[in-house]
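one predicted model, sequence on top.
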Amino acid sequence: MKSRFVILTLALAFAILVVLLWLRPRRHESDATSQEEPVHSEATASASTAVSNRPRNDIQAATSASTTSAAAPRDKNGSKEEIRQYMESQNVPIQFYGRVVDQDGNPVSGAHIALSVRHWTVVAPSAFGGDGHSERFEKTTDTSGSFRLEDATGDILTVEDIQKEGYKLSGKILKFLDYSKGATGDPNNPIIYKMWKKGPKESLVEGSKLFGIIPDGRVYTLDLVRGKKVEGEADGDLRVSILRPNGVNSRDRYQWSFIIEGVGGGLLTTDDEFMYLAPESGYKPRFQMELVPSNVTWAPLVKNQFFIRSRNGQVYGHMQVEVNAIYKDHSAIEIGYVVNPNGSRNLEPAD
């Protein structure tokens with residue numbers, strides 16, 4: 001029995017040895033395959049890194065290129081050239097046409113125009129990126145008030161300034177045009193820029209006042225010439241009242257209203273870009289609003305801009321008004337104003 005057990009043990013050991021020798025070449029083949037896989041992973045990782053270092057606007061093109069790179073590596077300068085081509089493609093031809101007129105629509109000739117165009121260049125042959133720098137241009141309007149820019153390439157055009165002695169440029173002008181997003185110029189439809197032709201100056205009264213108002217509907221009279229408030233009806237320029245519920249706070253939605261009246265005159269809402277000359281007519285005795293909480297336009301604060309005529313035409317002016325339903329424990333009306341107390345409609349500032 002003992003000898004039989006020894007023989008069986010030797011036979012089993014021999015069988016195991018044969019199996020191990022037979023499996024050994026297959027293990028080497030598996031090792032060889034596993035050694036090739038990290039090489040492929042490094043190539044893919046390198047391509048992904050190249051994509052992450054490129055400009056965001058070029059990610060789609062870079063992603064496509066990285067797939068090619070992983071399969072068949074390109075020339076080491078290929079991605080740099082791609083970046084260069086992308087940056088240079090941002091520089092499109094600029095065709096810009098403008099016209100300068102005064103407040104009456106008359107052409108302003110001889111106005112000096114300062115323009116700039118952002119132009120893209122590659123920082124250096126080895127750089128992964130570009131540099132946008134401003135190229136500046138000087139133009140002068142002709143007898144029709146027109147000017148043009150056609151000798152530039154880039155993506156963003158900026159109108160930096162328009163100047164002429166005796167004129168003031170409107171604050172509401174189109175300053176930026178993005179040609180990379182399809183902006184185009186039309187010589188038959190130029191962009192209009194308005195300037196105010198300055199005239200004689202008069203003594204004006206300017207101010208900015210915050211008047212507290214108890215919001216129970218009571219009337220207050222505001223004297224803009226002296227910057228004073230009086231409860232009740234009195235001589236002055238405006239009468240105001242605000243009505244809202246008691247006990248509301250800034251988190252509530254509630255129904256409220258206000259009234260602004262011109263004393264011996266009226267108000268005219270306006271979006272005039274200069275507000276240097278009050279109109280002769282068109283004024284309405286009062287301006288009022290009621291704000292309902294269910295309305296999508298409801299707000300606890302209302303802003304408006306007006307021309308004002310008061311004191312039977314002895315005072316003209318313009319003002320920016322902000323009515324606040326909740327201010328501390330009450331309400332408030334804040335007014336920035338310029339008035340001419342001399343019976344003239346001229347509101348042109350001294351400067």
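Alright, I've got the coordinates.

helix or strand with the lowest mean pLDDT in the protein?
Counting by mean pLDDT, DSSP states H and E, the chain has its least confident helix or strand at helix 59-71, which shows a mean of 31.

so which residue is dead centre in the chain?
Geometric centre of the chain, nearest residue: Phe176, 10.4 Å, by C-alpha atoms, centre = their mean.

quick one: stretch 89-105 to chain centroid distance?
20 Å (C-alpha atoms, centre = their mean, to the nearest Å).

repeat that for stretch 259-271.
Centroid separation between stretch 259-271 and its chain, computed with C-alpha atoms, centre = their mean, is 32 Å.

buried residues in it, which are they?
Neighbour-count burial for stretch 259-271 flags 259-268 (criterion: 16 or more other C-beta atoms under 10 Å). All C-beta spots, glycine's among them, are computed from the backbone N, C-alpha and C.

now swap in stretch 143-153 and tell me
Residues of stretch 143-153 classed as buried under the neighbour-count rule (16+ other C-beta under 10 Å) are 145-149, 152.

in this structure, spot the strand with the most residues.
As assigned by DSSP state E, the longest strand anywhere in the chain is strand 315-327.

can you tell me the average pLDDT over that one?
Mean pLDDT, computed over strand 315-327, is 98.

what angle separates the next helix or strand after it from strand 315-327?
Per DSSP states H and E, the first helix or strand lying C-terminal to strand 315-327 is strand 330-340. If you take axes from the mean of the first three to the mean of the last three C-alpha atoms, to 10 degrees, strand 330-340 sits at 170 degrees to strand 315-327.

pull the CA atoms of strand 330-340 into PDB?
Output of strand 330-340 as PDB, limited to C-alpha atoms (Å, rounded to 0.1, in the frame of the first residue of the first chain):
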ATOM      1  CA  HIS A 330     -42.700 104.300   5.400                       C
ATOM      2  CA  SER A 331     -42.100 105.000   1.700                       C
ATOM      3  CA  ALA A 332     -39.900 107.400  -0.300                       C
ATOM      4  CA  ILE A 333     -39.500 109.200  -3.600                       C
ATOM      5  CA  GLU A 334     -36.000 110.000  -4.800                       C
ATOM      6  CA  ILE A 335     -35.600 112.600  -7.500                       C
ATOM      7  CA  GLY A 336     -32.600 113.700  -9.500                       C
ATOM      8  CA  TYR A 337     -33.500 116.900 -11.300                       C
ATOM      9  CA  VAL A 338     -32.400 119.900 -13.400                       C
ATOM     10  CA  VAL A 339     -34.800 122.800 -13.600                       C
ATOM     11  CA  ASN A 340     -34.700 126.200 -15.300                       C
END
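
in its sheet, what does it sit against?
strand 205-213 (antiparallel), strand 315-327 (antiparallel) (DSSP bridges).

buried ones in it, by neighbour count?
331-335, 337-340.

which members of those are the farthest-apart pair?
Pairwise distances across the buried residues of strand 330-340 (C-beta to C-beta) peak at 29.1 Å, for the pair Ser331 and Asn340.

pLDDT at Asn53, what is it?
35.

kindly apply the preceding question to Gly199 instead.
Looking at Gly199, the pLDDT reads 91.

now swap in Ile83 and tell me
Here the pLDDT value assigned to Ile83 is 73.

for the one 10 residues further on, same thing?
The score at Pro93 is 92. That number is its pLDDT.

check Thr121 too.
81.

surely it and Asp131 touch.
Yes - Thr121 lies in contact with Asp131 (C-beta atoms under 8 Å); the separation is 5.6 Å.

who touches His112 in this structure?
138-140, 161-164 (C-beta atoms under 8 Å, 6 or more residues apart in numbering).

of the residues you listed, buried ones?
Buried subset of the contacts of His112 (neighbour count, 16+ other C-beta under 10 Å): 139, 162, 164.

okay, these in JSON lines with secondary structure and pLDDT next?
Below are the buried ones among the contacts of His112 laid out as JSON lines (DSSP: H, G, I helix; E, B strand; the rest coil; pLDDT from 0 to 100):
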{"residue": "Lys139", "secondary structure": "strand", "pLDDT": "97"}
{"residue": "Ile162", "secondary structure": "strand", "pLDDT": "97"}
{"residue": "Lys164", "secondary structure": "coil", "pLDDT": "97"}
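
between the residues you listed, which sits nearest Asn295?
Using C-beta to C-beta, Ile162 comes nearest to Asn295 of these, at 41.3 Å.
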